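1. Okay, here's the prediction I keep looking at, along with the sequence it came from:
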Amino acid sequence: KRRTTKKPVVTDPTVTRIDIEGLKKLLKPNGKPLLVNFWATWCDPCREEFPDLVKIDAAYKGKIDFVTVSLDDLVDIKTVVPKFLRSMKAEMPAYLLSTPDENAAITLVSKNWAGNLPLTVLFNTDGTTAFEKNGKVRHDVLVAEIEKVLKSAQ
């Protein structure tokens, strides 16, 4: 009798839809430094930096909270976005911002941000911005910034 091994079912990551109120809550650190990455599947630099972000998520699990916020269209919430995340083996919580007023969302995130992607923001435990990078973030730079925040949080 031959044994058949069942392949594990690979499920796409869940992408949660949020609005402005959801974004406000999401941007509040919960006792740990908070790293937030704004991106979209149509943004080349976003896709290029994603493997590094996945490495950072794995390296700092439990030490920082890390969430990604996609600015893709709502129609992509169950298709393009989760497929991309699965292909990247991304495990961090993923959200898709759906709001009629993108400017309000942009202002909420950072007074220095014009809305172009990607944007990576690292918040101290008290909610103040420790580091912000508009454009592709370098792995070594982000690691150094996270280490700084973790040292000061102790």
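-> Yes, it's here. Residues are numbered from 1 along each chain as shown.

2. So residue 30 versus residue 65, what's the distance?
-> When Cβ to Cβ, to the nearest Å is the yardstick, residue 30 and residue 65 sit 6 Å from each other. C-beta coordinates here come from the backbone N, C-alpha and C atoms, glycine included.

3. Those two: which has the busier surroundings?
-> residue 65 (20 against 9; other Cβ atoms under 10 Å).

4. would you list every one of the strands in this protein?
-> Assigned by DSSP state E, the chain shows strands spanning 15-18, 34-39, 65-70, 94-97, 119-123, 129-134.

5. Let's check: the centremost residue of this protein is which one?
-> Within the chain, one residue has its C-alpha closest to the average C-alpha position: by Cα atoms, centre = their mean, that is residue 68, at 1.7 Å.

6. what bridges to that residue?
-> Under DSSP bridges, the beta-bridge partners of residue 68 are residue 37, residue 94.

7. For it, give me its contacts.
-> Residue 68 sits next to 36, 37, 38, 39, 53, 85, 90, 92, 93, 94, 95 when contact means Cβ atoms under 8 Å, 6 or more residues apart in numbering.

8. measure the fifth one to residue 32 for me?
-> This points to residue 53. Residue 53 sits at a distance of 17 Å from residue 32 (criterion: Cβ to Cβ).

9. of those two, who's got more company?
-> Under the criterion of other Cβ under 10 Å, the comparison of residue 53 against residue 32 puts residue 53 first, with 23 against 17.

10. pLDDT wise, what is the spatially closest residue to that one that is not a sequence neighbour at?
-> Once its chain neighbours are removed from consideration, residue 53 has its nearest residue in residue 37; the separation is 5.8 Å (Cβ to Cβ, 6 or more residues apart in numbering). Confidence per residue is given as pLDDT, and for residue 37 that number is 97.
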